[in-house]
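# I'll drop the sequence and a predicted model, then ask my questions.
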Amino acid sequence: MKFKKLYIALTIGALLTAGGCDSVLDVEPEFVKEGSQIFKTLEEYDFALTGAYALFRQTGYFGSGGQTTSTWGNLPDMMGDNLVRTNEDLANWQTQCNWTYTADENDLEVAWLAAYGVISQANLVLRNLDQFSATNPQAVNRIKGQALAIRGMAHFDLFRYWAESYDRTSSALGIPYIEVVNPEAKPSRLTVQLSYDKIFADLTTAETLLGDVDRTINTASARYYLDRTAVRAILARVNLYAKDYVQAENYATLVINAIGLSDRTVFPNIWRDAAMGEVIWSVAFNLGEGVPSAGVHIAGNNRNRFKPSAALEATYDQTNDIRFSSYFATRSLSGTPRRIVSKFYARNAAPPTAGDNLVNWKAIRSGEMFLIRAEARALQAGKESLGMDDLNALRAARITAYTPEVLTGQALLDAIALERRKELVAEGHRWFDLKRTTKTISRPVGDAQLASTPLTLGASAREWNWPIPTTEINSNPNIRTQQTSNY
């Protein structure tokens, strides 16, 4: 499937394909009116903002379906060592999981287009919005802050796959940063440093704007939009990647103070959408809008394409850790038991009852914030004990009768890394955690069901950084000489 132009309509979730444009990044929405006159009221801008959120559900972003999985959902765990391809897989995501992708890989192009489609809609929302600042500044702040947050987050997600380095001041290749709707633009890749600069500028401006709005954006039982707390959570995440541990700690603390951890009674209900609990931002999925997690448990085709790694399951206290029963299950069909990831199984069913995979995508949770703060503190002089406190707090919330530990140095960092693996499994972090900490992937031989599954990826391998899609290279002369190194 090849996207040539993205039509972003004034309806929720409109993302269609049509005839040619000069560059894959030319995602100019098509309207009869001249661009500056598309939206006449703040209500129309608000509706366009809803469309930007809807695009997170599209296949290739958090949505999945057909032959494309959730690029920023389950795929990072499939590409890492948390999820294992089974002999029931149809090889739809084999190139990513086996690290054999090249610039003409279709799924990479779909991901590239999905993220820039979100960005284009955010830019459409931002265009000429300030015309209402004099008459309704707080409403403008609310809409503009969310649009900037969406734009910053989508660029950061692209950055995580395509940037050749995560070092804050690196001159290596980053990503094109699109800030206006311009069908004539031929954007080039910025450096990693300049990419970070743009991401931080959008997110910090969003944080400021969302502190002065006309009405509440989320409620305790419905957190489907990027409010100030959610933006701070994204900033905590980005600062951790950039190794600004002071800011990562500060932002994580602000979020933790606003939304804490759920207890062991509430926690299982989060995964069936029966409780919001510690969810900071959730992407809503409804019937007919796709699912956020194809392939990680048995669906209508009666296949379990990816199972949880046995090595991963062995890291849990399987009796006392509420995550183990909340995340994994055995499901039998036709007498054949299968281990599955059950955290996205269904709203109203639990194994062995059939599930439809239809739940909301929990994009950011406070569990991640505790782990960000633990890691940030562990890497600051004099704060190791506070990092240990955060790790103990998370474990105590998950494990019955947990006995606190005292760890320091590399042992503490290793324990935090392991806890991230256990806490955030299948939520879109594993590949990036291994990349940002320059680890080698080592898949246990006993976990692999397919002889074609490679077991090792070295820390310096080119495959950690995705190639720019061939369509973009061919159509955009300014990026033509900027293909990712060694592709």
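Right, received. Where do you want to start? Residues are numbered from 1 along each chain as shown.

# which parts of the stretch 151-300 of the chain are helices?
Ranges of helices within the stretch 151-300 of the chain are 192-209, 228-241, 245-258, 267-270, based on DSSP state H, counting those that start in this stretch.

# report the buried residues of the third one.
By neighbour count, with 16 or more other C-beta atoms under 10 Å as the criterion, the buried positions of helix 245-258 are Tyr245, Gln247, Ala248, Glu249, Asn250, Tyr251, Ala252, Thr253, Leu254, Val255, Ile256, Ala258. For every residue, glycine as well, the C-beta is placed using N, CA and C.

# again with the second one
Residues of helix 228-241 classed as buried by neighbour count (16+ other C-beta under 10 Å): 228-241.

# repeat that for the shortest one.
Residues of helix 267-270 classed as buried by neighbour count (16+ other C-beta under 10 Å): Phe267, Pro268, Ile270.

# dump those to TSV, plus distance to Ala154.
Below are these laid out as TSV (distance: C-beta to C-beta, whole Å):
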residue	distance to Ala154
Phe267	29
Pro268	31
Ile270	25
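
# who's in contact with the residue positioned nearest the centre of the chain?
Nearest to the geometric centre of the chain sits Trp72, at 4.1 Å (C-alpha atoms, centre = their mean). By C-beta atoms under 8 Å, 6 or more residues apart in numbering, the contact set of Trp72 is Tyr61, Phe62, Asp157, Gly428.

# swap in 10 Å and give it another go.
Contacts for Trp72 (C-beta atoms under 10 Å, 6 or more residues apart in numbering) come out as 56, 60-62, 111, 114-115, 153-154, 157-158, 160-161, 361, 363, 427-429, 432.

# pLDDT weak spots in the stretch 1-150 of the chain?
Residue ranges of the stretch 1-150 of the chain with pLDDT under 70: 1-37, 66-67.

# repeat that with 90
The stretch 1-150 of the chain contains residues with pLDDT under 90 at 1-38, 59, 64-70, 86-93.

# can you map out the strands along it?
6-7, 16-17, 83-85 (DSSP state E, counting those that start in this stretch).

# swap in the stretch 351-487 of the chain?
Using DSSP E, counting those that start in this stretch, strands in the stretch 351-487 of the chain cover 361-365, 441-442, 456-457.

# turn these into a markdown table, columns for mean neighbour count.
Output for the strands of the stretch 351-487 of the chain, formatted as a markdown table (neighbours: other C-beta atoms under 10 Å):
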| stretch | mean neighbour count |
| --- | --- |
| strand 361-365 | 25 |
| strand 441-442 | 16 |
| strand 456-457 | 16 |
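
# roughly how far apart are Phe306 and Arg228?
Remark: distance between Phe306 and Arg228 (C-beta to C-beta, to the nearest Å) = 36 Å.

# for Leu75, that is, sorry about that
Using C-beta to C-beta, one gets 29 Å for the distance from Leu75 to Arg228.

# swap in Ala311?
Applying C-beta to C-beta, the value for Ala311 to Arg228 is 39 Å.

# then Lys40?
Noted for Lys40: a distance of 28 Å to Arg228, by C-beta to C-beta.

# tell me which residues in stretch 169-189 are buried?
170, 172-179, 181, 185-187, 189.

# ugh, typo on my part, it should be stretch 311-320
Neighbour counts over stretch 311-320 (16+ other C-beta under 10 Å) mark Leu312, Glu313, Tyr316, Asp317 as buried.

# isn't the second one up against Ser325?
Think Glu313. No. The pair Glu313 and Ser325 fails to qualify as a contact (C-beta atoms under 10 Å) at a distance of 11.5 Å.

# any idea whether Pro337 is helix, strand or coil?
Local secondary structure at Pro337 is given as strand here, using DSSP: H, G, I helix; E, B strand; the rest coil.

# where are the low-confidence patches of the stretch 351-487 of the chain?
If you take pLDDT under 90 as the line, the stretch 351-487 of the chain has these spans: 351-358, 445-452.

# would you map the helices across it?
366-378, 384-398, 409-423, 430-436, 470-475.

# which other helices and strands contact the fourth one?
Translated: helix 430-436. Using 3 or more C-beta pairs under 10 Å, 6 or more residues apart in numbering; DSSP states H and E, the elements in contact with helix 430-436 are helix 75-79, helix 137-162, helix 228-241, helix 409-423, strand 441-442.

# please list all residues in contact with the closest residue to Glu249 other than its chain neighbours.
In this structure, Glu249 finds its nearest non-sequential neighbour in Ala376, 4.2 Å apart by C-beta to C-beta, 6 or more residues apart in numbering. Residues near Ala376 by C-beta under 10 Å, 6+ apart: 236, 239-240, 243-253, 383, 386-387, 390, 416.

# can you list the domains in this structure?
What automatic domain parsing lists as the domains of the chain is 6-278+363-475, 290-358.

# reformat those domains as JSON lines; add distance to Tyr487.
As requested, those are exported to JSON lines (distance: least, C-beta to C-beta, whole Å):
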{"stretch": "domain 6-278+363-475", "distance to Tyr487": "4"}
{"stretch": "domain 290-358", "distance to Tyr487": "26"}
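
# turn the buried residues of stretch 311-320 into CSV, including pLDDT, secondary structure and distance to Val341.
Shown next, in CSV, are those (pLDDT from 0 to 100; DSSP: H, G, I helix; E, B strand; the rest coil; distance: C-beta to C-beta, whole Å):
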residue, pLDDT, secondary structure, distance to Val341
Leu312, 97, helix, 10
Glu313, 97, helix, 10
Tyr316, 98, coil, 13
Asp317, 98, coil, 18
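
# out of the strands of the stretch 351-487 of the chain, the one nearest Phe285 is which?
Closest to Phe285 of the strands of the stretch 351-487 of the chain is strand 361-365 (C-beta to C-beta; 6.6 Å).

# from the contact counts, what lies against that closest one?
Short answer (3+ C-beta pairs under 10 Å, 6+ apart): strand 361-365 packs on helix 228-241, strand 279-283.

# which stretch among the ones you listed comes nearest Thr438?
Closest among the helices and strands packed on strand 361-365, using C-beta to C-beta: helix 228-241, at 12.5 Å.

# okay, now Arg305: neighbour count?
Look at Arg305: counted by other C-beta atoms under 10 Å, it has 24 neighbours.

# so it sits right up against Met78, yeah?
Yes. Assessed by C-beta under 10 Å, Arg305 is found in contact with Met78 at 9.1 Å.

# what touches both of those two?
What both Arg305 and Met78 touch, as defined by C-beta under 10 Å, 6+ apart, is the set Thr69, Val84, Arg85, Asp89, Trp93, Gly295, Val296.
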